[in-house]
Each structure stands twice: as C-alpha cells, then as structure tokens.
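K.L.:
Next input, structure requested:
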Amino acid sequence: MASGRSINLWQLEDALRRSLGVEDAVIVAKEVSGSRTELVAYVVPVLTFAADRLEAQVRSLLPAEFPCRCVPVANIPLTANGEVDEKALAEMPVLEDELIARWETKLRSLPQVQQAAVVVQEMVAEQKRLHLADLIPAWKPSVPQEAEASGPATATGESAARETKPRPPAYANGGALHIPADAPKTFTEAILATAKRFPSKGILHVRANGEETFQSYPALLEQAKRILSGLQGMGLKPGDRVVLQCERLSDHFASFWACVLGGITPVNVAVAPSYAERNSIVNKLYNIWKLLKHPVVIASEHLV
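P.N.:
A predicted model of the protein is given here:
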C-alpha cells in the first residue's frame, strides 16, 4: 500500500528485472520522511550505469501517482534463510531532498561554517582499455627487426620502462556483416533450419573427465521435441516459465530448445556444488523459484 492505493510489488519487480541494464531488483514501501511512505526500488545495475537514467527507468514502470526512489546497490542482501533481508534494506539511506536539506542545515549550524551546500555526485569509474597482454597472461608481441638488431636491453630499468609505455588497443575488423535474405528470423526457425541443412553437424561436449559426446543438430531437435511434449503433457503453455537445473550441457541445450519451441521461458540457474547446505547458488535458486510462484524445475536425474 502506497499513497493510499494498493499496488502489486511483485509485478513491478518482475518488470524491472526484465529491463535493460538491471540484474536484480527489490521494491519495498518505506517511510522516508515523517509519516510519508514511498516506494523504494533497490536495484543491482549491470556494470556501469547512469543514476538519472536508472531512476527514470524505474519511474516509467509506475503510475504517476506513486512516488518512488531508486537506490543502486551492489547486491540484494539476504537472510540466513535465503530471503530478502528487508531490515538491511531499511538501514540503507535514501538520498531524498529532505535528507539533503537536513545535512545542509546541520553543516550550517557548525560555528566554523558560514555557508554549505550538499551536492549528490555520481562516481563512475573510468573504463580502462584492454590490450591482448591484459587478457592473455603469456602473450608476447612479435619482436621488431630493429629491436633484434640492437640486442636485449642491458638494464632491467630500461625493460620495465618500455613495458609500462602506453600500448595501442588491439583491433580486429571482420568486415560488413552479410545476412542472407533467407536467414532465420527467430530462434525456432534457426534450430529447425539448422537441423535440416546440417544433419551431420552438431555440438561436441567435453566433460571434466575428458569424455567426449557428440550431439547432432537433428538429435538435439528430436530430444527437444520429446521434452516439449512432456512439458505440454504437464499442462505448460506458452508464456509459462521453467527453471533449468541440468548438469550435462547436452541435457541443458535440449531442455532450453524445448522451451523455445513451445514458447516457454527458460530460466537458467547454475547447478550448485552441493544442495546439502545453504550456499549462494542454492539461495538464488530458492529465491527465483519462490519469486516465479513455484515453476516447474527441469533437473538432472541425480539432482532430483
């Protein structure tokens, strides 16, 4: 309940999580000033973000009569039971106009301060350009001929200085992207066309023990159709969601394509190293399963 009206926070959170640049989000009703209650969206943004753009994105999902604040966070705090820790969220300060005004008044009350202004400034870390040497530890550039002629550096200091000089970023250009007129327009068209045009090709799966398994595209499509038939037999329909917990990639791909063929939304969650006790992946699985109102989970046989 906010502004005297009820609102479905779960639907808002779901819509916000689907927004571009948002990894996770929780919306709670919070008393921000006196007895006034506003909605506060705690958002985990993807990489860098613009605070004003993120807040505008949150407001665009809400009716105009619902005031809402946006608080970017590194992650959503959880309790020991894996549920959202609303107490920890409530302790996070919300930068509102009233709070800024209170800080300015407090600063001006100090005897050594004549004037004070509080400015909220976004701190964005500069994105450093990467070189191949930053990505590949053992990578070494080919030695120019003039460097070979002059011989190796005689002083370690000279070599170190040369290594720290700015290097141009790596550059690769594959030319203009050519898309044939008969190219598939959807995922479903893509898997059907691929299985028909390349029956002898597929995916080579290499397990941790070195075991290799080849999965042809027609076999992948056939397995996906069988899984889809089972899902439809359970009553699942287009628009429903299914959580994938498949350890083998061959099972994961077949389950994923089964969902795509049937218009079902696959939700990928990593397989936990252990389900005997709570860990970050188990907590994430539980929260997603609870958030999505207990959807069907497709899991490897030994995980059931």
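K.L.:
Check for me that residue 43 belongs to a helix.
P.N.:
No: going by DSSP: H, G, I helix; E, B strand; the rest coil, the assignment for residue 43 is strand, not a helix.
K.L.:
which helices and strands sit right next to the longest strand seen in the chain?
P.N.:
Scanning the chain for the strand with the most residues, using DSSP state E, yields strand 22-33. With contacts taken as 3 or more CB pairs under 8 Å, 6 or more residues apart in numbering; DSSP states H and E, strand 22-33 sits against helix 9-17, strand 36-45, helix 86-90. Yep, even glycine has a C-beta here, placed from its N, CA and C like the rest.
K.L.:
tally of neighbours for residue 209?
P.N.:
For residue 209, the count of nearby residues is 5 (other CB atoms under 10 Å).
K.L.:
Just list the residues touching residue 248, thanks.
P.N.:
Residue 248 makes contact with 205, 207, 300 under the criterion CB atoms under 8 Å, 6 or more residues apart in numbering.
K.L.:
ok, now how distant is it from residue 225?
P.N.:
18 Å (CB to CB, to the nearest Å).
K.L.:
still on that earlier bit, mind listing the strands the longest strand of the chain pairs with, and their directions?
P.N.:
strand 36-45 (antiparallel) (DSSP bridges).
K.L.:
Tell me which residues of the longest strand of the chain come out buried.
P.N.:
Applying a neighbour-count criterion of 16 or more other CB atoms under 10 Å, one finds 22, 24-27, 30, 32 buried in strand 22-33.
K.L.:
Adding distance to residue 192 as columns, could you present those residues in TSV?
P.N.:
Compiled in TSV, those are given as follows (distance: CB to CB, whole Å):
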residue	distance to residue 192
22	32
24	34
25	36
26	39
27	40
30	49
32	53
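K.L.:
Now for the protein: which helix has the highest residue count?
P.N.:
helix 217-233 (DSSP state H).
K.L.:
In it, which residues are buried?
P.N.:
By neighbour count on 16+ other CB under 10 Å, the buried set for helix 217-233 is 217-221, 223-224, 227-228, 231.
K.L.:
and residue 90, how many neighbours?
P.N.:
Around residue 90 there are 12 other residues, counting by other CB under 10 Å.
K.L.:
Return the distance of it relative to residue 201.
P.N.:
Distance of residue 90 to residue 201, computed by CB to CB: 55 Å.
K.L.:
for residue 21, same thing?
P.N.:
Residue 21 is 36 Å from residue 201, by CB to CB.
K.L.:
With residue 8 instead?
P.N.:
47 Å.
K.L.:
again with residue 241
P.N.:
To residue 201, residue 241 is 31 Å away according to CB to CB.
K.L.:
list the helices and strands the helix or strand harbouring residue 55 packs on?
P.N.:
Using DSSP states H and E, residue 55 sits in helix 51-60. Contacts defined by 3+ CB pairs under 8 Å, 6+ apart place helix 51-60 against strand 36-45, strand 68-72.
K.L.:
which of the ones you listed sits most buried?
P.N.:
With neighbours defined as mean count of other CB atoms under 10 Å, these peak in mean count at strand 36-45, which reaches a mean of 20.
K.L.:
does residue 85 really touch residue 77, like I thought?
P.N.:
Yes: using CB atoms under 8 Å, residue 85 is in contact with residue 77, at 4.1 Å.
K.L.:
before we move on, back to that, how far off helix 51-60 does the longest strand of the chain point, in degrees?
P.N.:
Comparing the axes of strand 22-33 and helix 51-60 via axes from the mean of the first three to the mean of the last three CA atoms, to 10 degrees yields an angle of 80 degrees.
K.L.:
can you list contacts of strand 22-33?
P.N.:
1-2, 9, 12-13, 16-17, 37-46, 54, 57, 68-69, 75-76, 84, 86, 89-90, 94, 96, 98.
K.L.:
That strand vs strand 68-72, what angle?
P.N.:
Here the directions of strand 22-33 and strand 68-72 differ by 130 degrees (the same axes, to 10 degrees).
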